[in-house]
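> Below is the structure, and that's it, no one-letter string:
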């Protein structure tokens, strides 16, 4: 569709020259000799080109009217030579640009085309933001069960506030999606959302990653660098796997929550930050409190609004809706002929225990779609994992002959460390523990946590 340019100019000849130039460039043109004539034409305009000095109301008055009605409508002001200062003031009030008289038609067209390019980019960015927001709407966090409806209701109640939220639940239940849903339904939706995976950051780098560092703070710090909390200022910080945060960092997180301030590594200058904190854990933080690996005061600061996300096996009535959603979402992306999933396929999924929760269900659906050559996904096409079978076989074997429970636990921990090449964070993940819980067990068993 052609863009419509509204030309507001009381000098008839100049208005006619600009109209002809814009028409020859392929634009539609509406014209007016005064602001009073221009106001009824604003609804059809994509850009306004107005003289500053007009009979009656001025071009600045027209700008103010546009800003109150449609601030996304760009306004270009045409000014006399001596009124450049007032044009600059108008730009501060929202005008896109100004053109001083006398001007060439080429210069006029360049300014108009640049303004329309900026308008197109604004529209594109707005559409992308809306699309991103749609991803985290509740119809994309699938759940018809009563437990999930309670979760949705809690999101709607807590999202408009700045209250700290603690999400608890097994790995794969969708804590990340729920954290993002809280952010995108909050007044901070257009501000940064910064996710911090506390397990993925090495302990010796965590302070600098979270709080930043100043130049010269350590060898190699040639420039200053802001941390995650600075990057998230006015937005939301999502602390995933909060149970893995070491004690030295827990103190600094407590200060962020209590006083909204911190210092960069290597600096004594106190910085302030306005962030909303959402934390998540798949570990039992109460057990960590008892073991002394997690601060009690930090726990209660985080646990302002607790949300327990149920495991998939506890809400199996959601499986049919999740399965159909994943088929509809993934089949076009994978280019498979599958159009739907049959009732027999649904029943096969319902009988499984889903230790990996929704993430595992999505992976199983994706694998099954890739290997299926039919239009309907049936029970025979569902490619389940072997986790349940291996667990059953392990249970039948019980403890190895002549080995106590303590010895068996030590051997399992040693094997996990061996497979992780001594990396305690990775070994903890293999064992289903937090890094701090693993360190505690190592010390209780007389195994050096540092040299393990």
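Nice, thanks for sending it over. Predicted model, so just to flag it, every value in this text is computed and none were measured.

> Could I get the buried residue list for stretch 327-340?
Across stretch 327-340, burial judged by 16 or more other Cβ atoms under 10 Å covers 327, 330-331, 336, 338. (Each C-beta comes from the backbone N, C-alpha and C, glycine too.)

> Next: stretch 215-223.
Neighbour-count burial for stretch 215-223 flags residue 217 (criterion: 16+ other Cβ under 10 Å).

> Show me what that stretch is in contact with.
208, 213-214, 224, 264-267 (Cβ atoms under 8 Å, 6 or more residues apart in numbering).

> can you list the weak-confidence ranges in the chain?
The model of the chain has pLDDT under 70 over residues 81-84, 125, 128-137, 139, 386-404, 448-452.

> Could you spell out which stretches of it belong to which domain?
4-131, 139-310, 315-387, 403-444 (automatic domain parsing).

> From the chain's centroid, how far away is the longest one?
Think domain 139-310. Remark: domain 139-310 is offset 13 Å from the chain centroid, using Cα atoms, centre = their mean, to the nearest Å.

> The first one too?
When C-alpha coordinates are averaged (Cα atoms, centre = their mean), domain 4-131 and its chain have centres 36 Å apart.

> Checking my notes, residue 30 in a strand, right?
Yes. Under DSSP: H, G, I helix; E, B strand; the rest coil, residue 30 sits within a strand.

> I'd guessed residue 276 sits against residue 186; true?
Yes. Between residue 276 and residue 186 there is a contact under Cβ atoms under 8 Å: 7.1 Å.

> any shared contact partners between the two?
residue 236.

> what residues are up against residue 309?
Applying Cβ under 8 Å, 6+ apart to residue 309 gives the contacts 151, 167-170, 173-175, 178.

> Once you drop chain neighbours, what's closest to it?
Using Cβ to Cβ, 6 or more residues apart in numbering and skipping the chain neighbours, the partner closest in space to residue 309 is residue 169 (3.3 Å).

> Show the contacting residues for that neighbour.
Per Cβ under 8 Å, 6+ apart, neighbours of residue 169: 175, 280, 282, 308-311.

> Could you turn the buried ones of these into a PyMOL selection?
The buried subset of the contacts of residue 169, as determined by 16+ other Cβ under 10 Å, is captured in PyMOL by this line:
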select buried, resi 175+280+282+309+310+311
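
> Check the spacing between residue 35 and residue 74 real quick.
17 Å (Cβ to Cβ, to the nearest Å).

> Repeat that for residue 210.
41 Å.

> ok, now residue 421?
From residue 421 over to residue 74 (counting by Cβ to Cβ), the distance is 58 Å.

> More neighbours: the two, which one.
residue 74 (22 against 8; other Cβ atoms under 10 Å).

> Count residues in the vicinity of the closest residue to that one other than its chain neighbours, would you?
Nearest non-adjacent residue to residue 74, counting by Cβ to Cβ, 6+ apart: residue 96, 4.1 Å away. The number of residues packed around residue 96, counting by other Cβ under 10 Å, is 21.

> Give the burial count for the closest residue to residue 371 other than its chain neighbours, as a bare number.
Using Cβ to Cβ, 6+ apart and skipping the chain neighbours, the partner closest in space to residue 371 is residue 383 (6.1 Å). By other Cβ under 10 Å, 15 other residues sit near residue 383.

> can you check residue 235 too?
By other Cβ under 10 Å, the residues close to residue 235 number 19.

> and it, what are its phi and psi?
phi -120, psi -140 (degrees, to the nearest 10).

> so it touches residue 188, yeah?
Yes. With contact defined as Cβ under 8 Å, residue 235 reaches residue 188; the gap is 5.3 Å.

> shared neighbours of those two, anything?
Going by Cβ under 8 Å, 6+ apart, residues that sit against residue 235 and also against residue 188 are residue 276.

> returning to what we had before: any idea which of the contacts of stretch 215-223 is closest to residue 104?
residue 224 (46.3 Å; Cβ to Cβ).

> Do a quick rundown of the helices in the stretch 351-452 of the chain.
Assigned by DSSP state H, counting those that start in this stretch, the helices in the stretch 351-452 of the chain fall at 357-371, 387-397, 405-419, 424-431, 435-444.

> which one of the ones you listed lies closest to residue 293?
helix 435-444 (3.8 Å).

> Test my guess that residue 187 contacts residue 160.
Yes. Using Cβ under 8 Å, residue 187 is in contact with residue 160, at 6.6 Å.

> hmm, back to that, so which of the contacts of stretch 215-223 is the closest to residue 138?
residue 208 (37.2 Å).

> Not counting its neighbours along the chain, what's nearest that closest one?
residue 265 (4.9 Å).

> neighbours around the one you found, how many?
17.

> Can you tell me which residue is spatially central in this structure?
By Cα atoms, centre = their mean, the chain has its centre lying nearest to residue 193, at 4.7 Å.

> if we look at the sheet, which residues does it bridge to?
Beta-bridge partners for residue 193, by DSSP bridges, are residue 236.

> I'd like the numbering to begin with 41 instead of 1 from here.
All set: I'll call the first residue 41, so the last point we hit is now residue 233.

> now the strands: where do they sit in the chain?
44-48, 68-72, 87-91, 115-119, 137-140, 205-208, 233-237, 276-280, 301-303, 310-312, 316-321, 345-348, 380-381, 416-417 (DSSP state E).

> Quick one, which of these gets closest to residue 447.
Across those, closest to residue 447 is strand 316-321 (Cβ to Cβ), at 30.0 Å.

> tilt between that closest one and strand 233-237?
30 degrees (axes from the mean of the first three to the mean of the last three Cα atoms, to 10 degrees).

> quick one on the thing from earlier: can you pick the most crowded of the contacts of stretch 255-263?
Counting neighbours by other Cβ under 10 Å, the top entry in those is residue 304, with 22 neighbours.
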